[in-house]
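Undergrad: Mind folding the following:
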Amino acid sequence: MRGPVLHTRERFALTANAPFELAWPLFGAHKERDWAPGWNPSFVWPENPVDREGMVFEVRHADMTAIWVNTVFDETARRIQYVYLIPNVLVTVITLKLEPDGASTNVEVIYERTALAEAANEIVRDMAAGDRAAGKEWSEQINTYLRHQPDPIDDPVLPSKG
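TA: Model prediction:
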């Protein structure tokens, strides 16, 4: 018989200092490597990393491996969602909603975590505390990365505004 398990839901918001078209791809698991130190998923499918709905990858969490699946990668709806499982420990659902705001992009991130055993409640509790504080870190990391990118107006690969 399973004892009571903990479920948490934490939300934070941040602003990426880039227009939606530039910010959007950075929230895919592959492109996140560009701005998130230590983020290094190992892609199972597709074999050549590409951010898309249905991608499957693994990420080490301390001495455990989480299996991640991208369940939504919908640029039109401006929504990304990941579900990951650490077997016998927890399931996490991460939902991102991006909203264009002129030269910036507002991002809402919701983490929902569910322990799979009473013994994992403390792990979920600790991860939820980290989730509450993650907005500042994400904002600093992505905006530091964006500050060091060429101005899209000056980049010959991208069409100029005008």
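Undergrad: all strands for this structure, in order.
TA: 7-16, 42-45, 56-61, 64-74, 79-86, 90-101, 104-115 (DSSP state E).
Undergrad: so where's this structure shaky on pLDDT?
TA: Applying pLDDT under 70 to the chain picks out residues 1, 151-162.
Undergrad: Just give me the residue right at the centre of it.
TA: residue 27 (5.7 Å; CA atoms, centre = their mean).
Undergrad: Confirm for me that that one is in contact with residue 108.
TA: No. Between residue 27 and residue 108 there is no contact, the gap being 11.4 Å when judged by CB atoms under 8 Å. (Each C-beta comes from the backbone N, C-alpha and C, glycine too.)
Undergrad: Just give me the neighbour total for the closest residue to residue 64 other than its chain neighbours.
TA: Distances taken as CB to CB, 6 or more residues apart in numbering place residue 86 nearest to residue 64, at 5.1 Å, with adjacent residues excluded. A count of neighbours around residue 86, defined by other CB atoms under 10 Å, yields 18.
Undergrad: how about residue 86, what does it touch?
TA: Residue 86 makes contact with 61, 64, 65, 66, according to CB atoms under 8 Å, 6 or more residues apart in numbering.
Undergrad: looking at those, which has the most residues close by?
TA: residue 66 (18 neighbours).
Undergrad: That residue pairs with what?
TA: Under DSSP bridges, the beta-bridge partners of residue 66 are residue 59.
Undergrad: Same question for the one 4 residues further on.
TA: With DSSP bridges as the criterion, residue 70 is bridged to residue 82.
Undergrad: and it, what does it touch?
TA: Contacts of residue 70 (CB under 8 Å, 6+ apart): 28, 29, 51, 52, 53, 54, 55, 56, 80, 81, 82.
Undergrad: same thing with residue 2?
TA: 117, 118.
Undergrad: What of residue 72?
TA: So residue 72 contacts 53, 79, 80, 81, 95 (CB under 8 Å, 6+ apart).
Undergrad: Not counting sequence-adjacent ones, nearest residue to the fourth one?
TA: In other words, residue 81. residue 72 (3.9 Å).
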